[in-house]
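Peer 1: I need the structure of the sequence given here:
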Amino acid sequence: MDKLWLSDPARAYADRQTREAAGANRRPFSQQSIVQHRAMFDRFHRHLVGHGATLASFGADQIDAFWLSAEAATYTPATRMRYLKLLDRLCRHLVEAGVRKSNPASELVLAGRWPVDDPEVHFLPEDVDQRLQNFVRPHSGDLPEMLQRRAIVALFLGTGVTASEGRAARVPDLHPNATPPYLHVPARPPKISRTVHVEPFAIAPLAAWHAVRRDSPVDGDLLFTLKRTGTPITDMSLGKIVREALAAIGQDVGNMSPRVLRDTFCRRLLIRGVAPDAVTERLGLASNRTVVRIAATIDGN
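Peer 2: Got it, this is the predicted structure:
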């Protein structure tokens with residue numbers, strides 16, 4: 001029996017990932033998937049420890065109890081299915097290694113299924129995308145508040161980061177004068193860190209705001225704040241800024257949010273001919289599911 005699974009489960013799981021783990025068609029998992037799977041394993045193992053169970057002893061009842069935990073209760077059906085498939089792979093390995101006698105996840109995987117309906121994709125038409133790109137250009141008479149608003153829209157439209165990544169962006173993370181200009185997105189497990197090149201149209205508004213923000217008497221180093229105390233900007237405020245920007249160009253979109261701009265960024269890259277795998281990497285995604293869905297909206301795909 002491989003006793004490392006009982007003495008140091010985290011190390012045993014990491015070792016298995018390095019040596020053996022593979023996904024569909026036995027292809028090795030991507031680095032993003034490896035980090036995500038490790039975080040998922042750690043989360044489930046903490047649940048087991050908290051309930052007096054081990055990797056050798058847990059059963060289907062412990063998996064059911066996991067869904068009732070505060071965090072897991074919010075998981076979507078797709079996330080639950082990812083956990084079940086991970087536990088199925090894990091238990092099959094533990095049976096082969098002599099750590100377990102059975103696989104309690106196998107029947108749960110067979111009974112489960114991926115969600116049939118994905119959330120509807122929302123993106124801006126190409127002409128609206130272009131008009132919004134024109135809108136974010138800084139004007140000579142812009143006050144700091146307006147410069148920040150243009151920069152916020154430019155960030156989501158020109159880098160494709162998520163709302164949470166935009167809120168957490170710091171002044172040192174943005175490099176508008178580099179060649180090429182880029183945004184560093186720090187690691188936030190299960191996501192690994194990544195570097196996102198800034199689209200050309202977004203360089204000027206981000207550089208203008210970066211210069212103002214760098215010299216502003218604001219506490220902390222967040223790139224975008226609501227007050228001089230350095231209060232982080234909220235999702236509600238981000239949504240309001242996006243809606244006002246689209247209203248300013250005469251566009252009425254039902255779901256006006258940073259997610260619309262992120263999906264628009266994704267679609268623009270695909271139209272340009274950027275490979276789907278490269279787009280997935282730039283978006284910081286563990287799988288290409290989202291990119292495939294957006295690609296399906298493009299004529300000829």
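Peer 1: Tell me how the protein divides into domains.
Peer 2: 1-111, 126-296 (the TED database).
Peer 1: What separates the first and last residues of the last one, distance-wise?
Peer 2: Just to be clear, that refers to domain 126-296. The straight-line separation of the ends of domain 126-296 (CA to CA, to the nearest Å) is 15 Å.
Peer 1: Over to stretch 55-70?
Peer 2: Terminal residues of stretch 55-70 lie 21 Å apart, using CA to CA.
Peer 1: Need the contact partners of it.
Peer 2: The contact list for stretch 55-70, computed with CB atoms under 8 Å, 6 or more residues apart in numbering, reads 5-6, 9, 44-45, 47-48, 51, 53, 72-73, 75, 80, 83-84, 87, 90, 94, 99-100, 104-105, 107-108. C-betas here are computed from N, CA, C, even on glycine.
Peer 1: Those residues in helices, which ones?
Peer 2: 5-6, 9, 44-45, 47-48, 80, 83-84, 87, 90, 94, 107-108 (DSSP state H).
Peer 1: Report the two of those separated the most.
Peer 2: Largest separation among those by CB to CB: L6 and R80, giving 26.4 Å.
Peer 1: which other helices and strands contact the helix or strand harbouring V196?
Peer 2: Assigned by DSSP states H and E, V196 belongs to strand 194-197. Using 3 or more CB pairs under 8 Å, 6 or more residues apart in numbering; DSSP states H and E, the elements in contact with strand 194-197 are strand 182-185, helix 276-283.
Peer 1: That one pairs with which strands, parallel or anti?
Peer 2: Sheet partners assigned to strand 194-197 using DSSP bridges are listed as strand 182-185 (antiparallel).
Peer 1: Would you mind listing the buried residues in the partner strand?
Peer 2: Neighbour counts over strand 182-185 (16 or more other CB atoms under 10 Å) mark Y182, L183, V185 as buried.
Peer 1: could you list every residue that touches F123?
Peer 2: Neighbouring residues of F123 by CB under 8 Å, 6+ apart: V260, D263, T264, C266, R267, I294, T297.
Peer 1: thought the last one was touching H122?
Peer 2: No. In this structure T297 lies outside contact range of H122 using CB atoms under 8 Å: 10.3 Å.
Peer 1: if you count what's nearby, which of these two comes out ahead?
Peer 2: Between T297 and H122, counted using other CB atoms under 10 Å, H122 has the larger neighbour count: 16 against 12.
Peer 1: what kind of secondary structure is the more buried one in?
Peer 2: Put simply, H122 is coil when judged by DSSP: H, G, I helix; E, B strand; the rest coil.
Peer 1: For it, give me phi and psi.
Peer 2: Backbone geometry at H122, expressed as degrees, to the nearest 10, gives phi -120, psi 130.
Peer 1: most tightly surrounded among the domains of the chain?
Peer 2: domain 126-296 (a mean of 17; mean count of other CB atoms under 10 Å).
Peer 1: tell me how far that one is from the chain's mean position?
Peer 2: Distance of domain 126-296 from its chain centroid, counting by CA atoms, centre = their mean, to the nearest Å, is 14 Å.
Peer 1: Contacts only, for K240.
Peer 2: Shown in contact with K240 (CB under 8 Å, 6+ apart): no residues.
Peer 1: how about whatever helix or strand A247 lives in as PDB, C-alpha atoms only?
Peer 2: In this structure, A247 sits in helix 235-248 according to DSSP H and E. C-alpha atoms of helix 235-248 as PDB (Å, rounded to 0.1, in the frame of the first residue of the first chain):
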ATOM      1  CA  ASP A 235     -19.100  44.900  -8.700                       C
ATOM      2  CA  MET A 236     -22.100  47.200  -8.600                       C
ATOM      3  CA  SER A 237     -19.900  50.200  -9.500                       C
ATOM      4  CA  LEU A 238     -18.200  48.400 -12.300                       C
ATOM      5  CA  GLY A 239     -21.500  47.400 -13.800                       C
ATOM      6  CA  LYS A 240     -22.700  50.900 -13.500                       C
ATOM      7  CA  ILE A 241     -19.600  52.300 -15.300                       C
ATOM      8  CA  VAL A 242     -20.000  49.700 -18.100                       C
ATOM      9  CA  ARG A 243     -23.700  50.600 -18.500                       C
ATOM     10  CA  GLU A 244     -23.000  54.300 -18.600                       C
ATOM     11  CA  ALA A 245     -20.200  53.800 -21.200                       C
ATOM     12  CA  LEU A 246     -22.500  51.900 -23.500                       C
ATOM     13  CA  ALA A 247     -25.300  54.300 -23.000                       C
ATOM     14  CA  ALA A 248     -22.900  57.100 -24.000                       C
END
